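A.B. asks: I need the structure of the sequence given here:
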Amino acid sequence: MPNEPLPLFDLNPAQDVAALAREFAGTGRLQVRDLLTPRSADVLADVIQRQTPYGLAYREPGSSPKSVRADAVRAMPRTEHGRLWQSIGTGVGQGDYGFIYGQYPMLDAYLGKWAPGHPLELVLEYINTPEFLGFVRAITGMPSLIKADAQATLFAPNNFLAMHDDRGTGEEGRQVAYVLSLAREWRPDWGGYLLFYDDDDDVIAGMKPRFNCLNLFRVPQRHNVSYVPPFAPVGRYAITGWFRDR
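C.D. replies: Modelled structure (predicted):
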C-alpha cells in the first residue's frame, strides 16, 4: 500500500532470547545476528547511510569530548581536519584517550528539534519502547534498565576510538553498551572492529561490524574500535549508545 509506513525497526521474530541470555550471562557480551527483519534492516541502513547529516565527534589531548554539527564540519578548512587528526593521533600515541569519527547525536537532535520528522527520531523512540527494552532486559538479565540514548556513527578512513571502559563522570547510569551495526560486506583489513581487552592488554574478543547485528556488552569492559585505514572503500555505519538504569 502506498501510504504504509516504512518498517524502520521491526524485530526479527526468530530470535532465541533464552539462548542469547545464556551467552550474555557467561561473558557479559554477545552479538545478536539478524536483529531486524531483512526489509527493516535495509530501510534503516538507507536512512543512516543516505539521509543522515553527519557531524564530527572527537577528543583532543587534555580536552573534553567535542561534538560538531554537520554544517560546521563542512565549513572547516581542510587544514583543520588534518590538524585535528594529527593532534588526536599524537595524544593517543602518547597514551592519552582520544577518538574521531562521524556522528549524528540522535538524542540531542530529538530534544533540540534539529530535524522534526527525521526517521531517526522514530528509531530513538523504537529503541525505548517496552518491546525493545524488554528484549534487552531479558537478554542481559537487568530488569533495572529503563531507557537508552543513541547516536548514528560513521567511522570513515582515518577514524578510530581508543581504548576505554565507558565509565565517566556523570555517566553512572550506563549499564549496557550497544552497537547496532549496519555496515555491509565489511572486510577484516578495513579495521573498525569492536575489540575487547584483558588486564594484560591481550585481545580476548572481537566483533566484526556485521550488517544487521546488535552487539551488547556489560559496562565496564575495556574496548576500542580499531583504526579504519585510508584504503577502506566504505564507511562503518552503526547506531550506538547505552542502556541505562537512571
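A.B. asks: and the strands in this structure?
C.D. replies: 29-33, 55-59, 66-68, 99-104, 147-148, 151-155, 160-164, 174-181, 194-197, 203-207, 213-218, 223-225, 236-244 (DSSP state E).
A.B. asks: list the strands paired with the shortest one, with their directions.
C.D. replies: So that's strand 147-148. Here strand 147-148 has these sheet partners by DSSP bridges: strand 236-244 (antiparallel).
A.B. asks: where does the protein have its least confident helix or strand?
C.D. replies: helix 78-93 (a mean of 94; mean pLDDT, DSSP states H and E).
A.B. asks: any idea of the angle that helix forms with strand 160-164?
C.D. replies: Between the axes of helix 78-93 and strand 160-164, defined by axes from the mean of the first three to the mean of the last three Cα atoms, to 10 degrees, the angle is 30 degrees.
A.B. asks: quick one: contacts of helix 78-93?
C.D. replies: 58-62, 97-100, 158, 160, 162 (Cβ atoms under 8 Å, 6 or more residues apart in numbering). The way it works is simple: take the backbone N, C-alpha and C, and place the C-beta from them, glycine included.
A.B. asks: just stretch 154-171 next, same as before
C.D. replies: Applying Cβ under 8 Å, 6+ apart, the set of residues contacting stretch 154-171 is 48, 54, 85, 92, 96-103, 174, 177, 191-192, 197, 219-232, 235-238, 242.
A.B. asks: hey, what's the residue lying closest to residue 180 once chain neighbours are set aside bridged with?
C.D. replies: Closest residue in space to residue 180, ignoring its immediate chain neighbours: residue 239 at 4.4 Å, by Cβ to Cβ, 6 or more residues apart in numbering. Residues in a beta bridge with residue 239, per DSSP bridges, are residue 152, residue 180.
A.B. asks: residues contacting residue 239?
C.D. replies: Residue 239 neighbours (Cβ under 8 Å, 6+ apart): 44, 48, 106, 123, 127, 150-153, 179-180, 182.
A.B. asks: change it to 6 Å
C.D. replies: By Cβ atoms under 6 Å, 6 or more residues apart in numbering, residue 239 lies in contact with 150, 152, 180.
A.B. asks: can you give me the pLDDT of it?
C.D. replies: Looking at residue 239, its pLDDT is 98.
A.B. asks: pull out the CA atoms of the least confident helix or strand of the chain and give them to me as CSV.
C.D. replies: Output of helix 78-93 as CSV, limited to C-alpha atoms (Å, rounded to 0.1, in the frame of the first residue of the first chain):
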residue,chain,number,x,y,z
ARG,A,78,40.8,21.1,5.1
THR,A,79,43.8,22.1,7.2
GLU,A,80,41.7,22.0,10.4
HIS,A,81,40.7,18.4,9.6
GLY,A,82,44.3,17.5,9.3
ARG,A,83,45.3,19.3,12.4
LEU,A,84,42.6,17.6,14.5
TRP,A,85,43.7,14.1,13.3
GLN,A,86,47.3,14.9,14.0
SER,A,87,46.6,16.3,17.4
ILE,A,88,44.4,13.3,18.4
GLY,A,89,46.7,10.7,16.9
THR,A,90,49.7,12.2,18.7
GLY,A,91,47.8,12.2,22.0
VAL,A,92,46.8,8.5,21.6
GLY,A,93,50.3,7.7,20.6
